[in-house]
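S.K.: Sequence and predicted model, in that order:
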Amino acid sequence: QVHLVESGGGTVQAGGSVRLSCAASGRTFNNYFMGWFRQAPGEEREFVASIKMRDSSTEYANSLKDRFAISRDNAKDTVYLQMNSLKPEDTGVYYCFADLNRVLVATLVDYWGQGTQVTVSS
């Protein structure tokens, strides 16, 4: 059974940085895409970034690629999301995901973590 456990959320002032971690277990993830979606109150869950675990190729939401960076540690089956120059509109629950296919839409994702709250104060 797949388990994805996020950590690293919290409250940060605008302009600050946060690094999220997602530790995966339950199977081998070398062939998976892993990454992050986020969901603000009253909004749909939106794609943030993904990384292909086999070759570390990455993909970002266009509006975030200049401030966010995704990386992975295959030995630990862990992905990270470094978020810099945070804005109040980055506030939301950040969900880790894993899928065998490239996904940009939340409804298509196979596996989810429980989410971690990130709050950016102005």
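M.R.: Everything's here; your move.

S.K.: Let me know the helix or strand that the one residue sitting closest to the centre of the chain is in.
M.R.: The chain has Trp36 as the residue nearest its centroid, 2.3 Å off, counting by CA atoms, centre = their mean. Using DSSP states H and E, Trp36 falls within strand 33-39.

S.K.: Show me what that strand is packed up against.
M.R.: Counting contacts by 3 or more CB pairs under 8 Å, 6 or more residues apart in numbering; DSSP states H and E, strand 33-39 packs against strand 18-25, strand 46-52, strand 68-73, strand 78-83, strand 92-99. Just so you know, the C-beta spots here come from the backbone N, C-alpha and C atoms, and that holds for glycine as well.

S.K.: who touches the third one?
M.R.: Contacts of strand 68-73 from elsewhere in the structure, counted by CB atoms under 8 Å, 6 or more residues apart in numbering, are 34-36, 48-51, 53, 56, 58, 60, 78-84.
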